[in-house]
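Trainee: have a look; sequence and predicted model below, questions after that.
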Amino acid sequence: MEITTRTVGAITIVVMTGKLDSLTSPQAQQSLDGVLAGGVTKVGIDFTAVDYVSSAGLRVLLSVAKRVGAGGLRMFGLNPSVREVFEISGFATILPVFPGETEALQGF
Amino acid sequence: MTAGFQRSIRADLHEVGAVATALDAYAVAEGVSDEVRRALLVVLDDLLMNVVTHGMAGRADGQVAIAVTVADPWIELVIRDDGAPFDPLMRAAPDVTRSVDARGIGGLGIHLVRRLMDEVSYRRVGTENVITLRKRMR
């Protein structure tokens, strides 16, 4: 798992690459905690290069959503498998998921 | 039938990561679709984490065997461990309609396993827990 961040105005975009599972989620949690510790209130997570997400990964995303509020987190670029996991777990209905970055940043 | 993929690992987080990488490569080499390959890897991760965190608590010598067989149109994953009797499939399904704030995450892994696979079963065979999962590849 490789994680990079960049900012677009007041929004911090976290780009994840690889898989978000039990092995990589502690690292992802640490990176996201670091982003949030800087006082960021709007976080976009780019899943374009994420192959799959297991429940360990969902746990990390839920913790971020709880800290910034559902309105402070937008996720985009999910492949069909990641999207299916989001749908099965109910995440797709409680957290904002967008097709791409353009849509995610609109009105954020 | 001989399993095309077989690994025996210690019940340890890093070994779980290594077996996932190996299974990923095997599935790609077998021409398994991305959809099925990813579902298999999610399920493997969630079930192995269950074994590591619940079944083998406090044991350094716990062993877990993973076998995957491709028998068109099915792919089958069998996970065996020699931990205390534990049927992860008995966990109640979580309420997936709750809000972010009200939400806990317990049981979600097993919920994913049930939904991503077509058939799941648990057996206690001698001193082993045996979980068998099957998914249609097409």
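Mentor: Structure's in. What do you need? Numbers count the residues shown, from 1 in each chain, chains lettered A, B, ... in the order given.

Trainee: by contact count, what packs against the host helix or strand of B:Thr21?
Mentor: Assigned by DSSP states H and E, B:Thr21 belongs to helix B:13-29. Helix B:13-29 makes packing contacts with strand B:5-10, helix B:34-50, strand B:63-71 when contacts are defined by 3 or more Cβ pairs under 8 Å, 6 or more residues apart in numbering or on different chains; DSSP states H and E. Heads up, the C-betas are built off the backbone N, CA and C, glycines and all.

Trainee: change it to 10 Å
Mentor: With contacts defined as 3 or more Cβ pairs under 10 Å, 6 or more residues apart in numbering or on different chains; DSSP states H and E, the packing partners of helix B:13-29 are strand A:11-20, strand A:42-53, strand B:5-10, helix B:34-50, strand B:63-71.

Trainee: would you put the C-alpha positions of the last one in PDB?
Mentor: The C-alpha trace of strand B:63-71 is given here as PDB (Å, rounded to 0.1, in the frame of the first residue of the first chain):
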ATOM      1  CA  GLN B  63      -1.000 -23.500  12.000                       C
ATOM      2  CA  VAL B  64      -3.400 -22.600   9.200                       C
ATOM      3  CA  ALA B  65      -3.600 -24.500   5.900                       C
ATOM      4  CA  ILE B  66      -5.000 -22.800   2.800                       C
ATOM      5  CA  ALA B  67      -6.000 -24.700  -0.400                       C
ATOM      6  CA  VAL B  68      -7.600 -23.300  -3.600                       C
ATOM      7  CA  THR B  69      -8.900 -25.500  -6.400                       C
ATOM      8  CA  VAL B  70     -10.100 -24.300  -9.700                       C
ATOM      9  CA  ALA B  71     -12.700 -26.700 -11.100                       C
END
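
Trainee: who are the packing partners of that strand?
Mentor: On a contact count with 3+ Cβ pairs under 10 Å, 6+ apart, strand B:63-71 meets strand B:5-10, helix B:13-29, helix B:34-50, strand B:74-81, strand B:128-136.

Trainee: let me have those in TSV, extended by mean pLDDT.
Mentor: Output for the helices and strands packed on strand B:63-71, formatted as TSV (pLDDT from 0 to 100):
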stretch	mean pLDDT
strand B:5-10	94
helix B:13-29	93
helix B:34-50	95
strand B:74-81	96
strand B:128-136	96
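
Trainee: most tightly surrounded among these?
Mentor: Across the helices and strands packed on strand B:63-71, averaging neighbours per residue (mean count of other Cβ atoms under 10 Å in any protein chain shown) puts helix B:34-50 on top, at a mean of 23.

Trainee: do a quick rundown of the strands in chain A.
Mentor: If DSSP state E is used as the criterion, the strands of chain A fall at A:2-8, A:11-20, A:42-53, A:73-76, A:97-98.

Trainee: quick check: closest non-adjacent residue to B:Asp87.
Mentor: What sits nearest to B:Asp87 in space, not counting adjacent residues and going by Cβ to Cβ, 6 or more residues apart in numbering or on different chains, is B:Tyr122, at 4.4 Å.

Trainee: same question for A:Gly38.
Mentor: Leaving out its chain neighbours, the residue that sits closest to A:Gly38 by Cβ to Cβ, 6+ apart is A:Thr12, at 8.0 Å.

Trainee: nearest approach to A:Ala104 belongs to which of the helices and strands packed on helix B:13-29?
Mentor: With Cβ to Cβ, the closest approach to A:Ala104 among these belongs to strand A:42-53: 5.4 Å.
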